[in-house]
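[1] Structural data only, the sequence is not supplied:
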């Protein structure tokens with residue numbers, strides 16, 4: 001009985017790992033970020049790989065969170081990024097960290 005319980009808990013824990021790892025990607029879809037950005041190709045805005053490369057080794061998470069909330073232009077060319085004030089801070093933090101870790 002004890003072994004079965006341990007195995008069941010281990011299976012649940014392993015099953016939860018992929019969902020947790022995919023959460024930022026799901027948030028990117030949920031908040032419509034993928035309409036303008038892709039992982040590895042420039043669309044309307046830069047790819048997430050381009051963003052990660054530009055800011056590699058820099059402590060810019062708060063700056064990028066602010067940029068998403070307020071919008072702006074000039075960092076990756078003249079096309080402006082529209083403001084996204086409706087994105088909850090917790091979601092935004094998870095997405096920005098995921099992007100910077102590309």
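    Okay, I see it. Note that the structure is predicted; figures quoted are calculated from it, not measured. Numbers count the residues shown, from 1 in each chain.
[2] Not counting its neighbours along the chain, what's nearest residue 48?
    residue 99 (4.7 Å; CB to CB, 6 or more residues apart in numbering). Yep, even glycine has a C-beta here, placed from its N, CA and C like the rest.
[3] what stretches of the protein score poorly on pLDDT?
    Across the chain, residues meeting the criterion (pLDDT under 70) sit at 1-22.
[4] the helices in it, which residues?
    For the chain, the helices defined by DSSP state H cover 2-30, 48-54, 61-70, 89-100.
[5] how about the second one: buried residues?
    Translated: helix 48-54. 48, 50, 51, 52 (16 or more other CB atoms under 10 Å).
[6] Show residues contacting it.
    37-40, 42, 46, 64, 75-76, 99-102 (CB atoms under 8 Å, 6 or more residues apart in numbering).
[7] In terms of distance to residue 27, which of the residues you listed ranks first?
    Nearest to residue 27, judged by CB to CB, of these is residue 99 at 10.8 Å.
[8] could you check the distance from the closest one over to residue 40?
    12 Å (CB to CB, to the nearest Å).
[9] who's more crowded, these two?
    residue 99 (22 against 9; other CB atoms under 10 Å).
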